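Trainee: predicted coordinates and the sequence they were generated for:
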Amino acid sequence: MALQDDIKEGVTEIFRDQWSVRDGTVVPQPDSVRLNNDAVRLEGTVLYADLSESTRLVDKEPPEFAAEIYKAYLRTAARIIATEGGEITAYDGDRIMAVFIGKAKNTTAVRCGLKINWARQHIINPALKAQYSTKTYQLKQTVGIDTSTLFIARTGIRGANDLVWVGRAANHAAKLSGLSADSPTWISEAVYDGMHESAKFTDGKSMWQERRWTQMDDARVYCSTWVWPV
């Protein structure tokens, strides 16, 4: 079959076939979702942790140094996500995506974001300075978090496929992680309203500042410079 005919047949099949959708209680693995129009519906909170200014990093620094920054940041974020019960669903260049489920999903995701910020300040950058005392580079990062119903399907071709996460939380968390690293943790209004008071206040002081997300129809979001010790 010619490539053009094969592509046409595949696209037609996708648009024609009915969906088989089931509610999930755990984060699905790729082999638990079929390649045809099969999907899992899940209530989840999505966290994206994104290394800031990575383009400048790879343009200005030797590849070995840039790779060490990538590895240190992504390993740190992954370890914290795992200890907070999050499920890592993707590594995408200089960022990592994780999903949290359960009754405390918003609180654990937010605590995770604040812990990543603590580790950046108190572990990664001090270790970086100790090893490379003459360099001025300091790691900056942003975590974005949102919560919603997620529609999880499997996409690609046989032998080269993965899960695709469709839903507001996946899209908005990724975009929130692209906001200013001056406030390293950004969360949606839905996350803020759904998390425990312990993740909102410390000694009676709010850890969050309300902002309007101008790129998203002035949606109400919250940002924080606070940390949560690991």
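Mentor: Perfect, I can see it now.
Trainee: quick one: mean pLDDT over stretch 92-106.
Mentor: Confidence for stretch 92-106, expressed as mean pLDDT, is 96.
Trainee: how long is that stretch from one end to the other?
Mentor: 22 Å (C-alpha to C-alpha, to the nearest Å).
Trainee: buried sites along the longest strand along the chain?
Mentor: Looking across the chain with DSSP state E, the single longest strand is strand 141-157. For strand 141-157, the neighbour count (16 or more other C-beta atoms under 10 Å) marks 141-148, 150-154 as buried. (C-beta placed from N, C-alpha, C; glycine too.)
Trainee: chain center to it, what's the gap?
Mentor: Centre-to-centre, strand 141-157 and its host chain are 8 Å apart (C-alpha atoms, centre = their mean, to the nearest Å).
Trainee: which other helices and strands does that strand contact?
Mentor: Under the contact definition 3 or more C-beta pairs under 8 Å, 6 or more residues apart in numbering; DSSP states H and E, strand 141-157 sits against strand 38-51, helix 105-119, strand 160-166, helix 168-176, strand 185-188, helix 189-194.
Trainee: most packed of these?
Mentor: strand 185-188 (a mean of 29; mean count of other C-beta atoms under 10 Å).
Trainee: helices or strands up against that one?
Mentor: Against strand 185-188 (3+ C-beta pairs under 8 Å, 6+ apart) you get helix 105-119, strand 141-157, helix 168-176, strand 219-224.
Trainee: between these, which one is nearest to residue 72?
Mentor: Of all the helices and strands packed on strand 185-188, it is helix 105-119 that lies closest to residue 72, at 9.7 Å by C-beta to C-beta.
Trainee: after that closest one, which helix or strand is next?
Mentor: Per DSSP states H and E, helix 105-119 leads on to helix 125-131 as the next helix or strand towards the C-terminus.
Trainee: quick check: next helix or strand after the lengthiest helix in the chain?
Mentor: Counting by DSSP state H, the longest helix found in the chain is helix 63-83. Counting by DSSP H and E, the element after helix 63-83 in chain order, helix or strand, is strand 87-92.
Trainee: what lines up beside that next one in the sheet?
Mentor: Counting by DSSP bridges, the strands paired with strand 87-92 are strand 95-100 (antiparallel).
Trainee: quick one: contacts for the residue nearest in space to the middle of the chain?
Mentor: Nearest to the mean C-alpha position of the chain, by C-alpha atoms, centre = their mean, lies residue 48 at 1.6 Å. The neighbourhood of residue 48, defined by C-beta atoms under 8 Å, 6 or more residues apart in numbering, consists of 95, 96, 97, 143, 144, 145, 173, 174, 176, 177.
Trainee: what do you get for residue 52?
Mentor: 140, 141, 142, 181.
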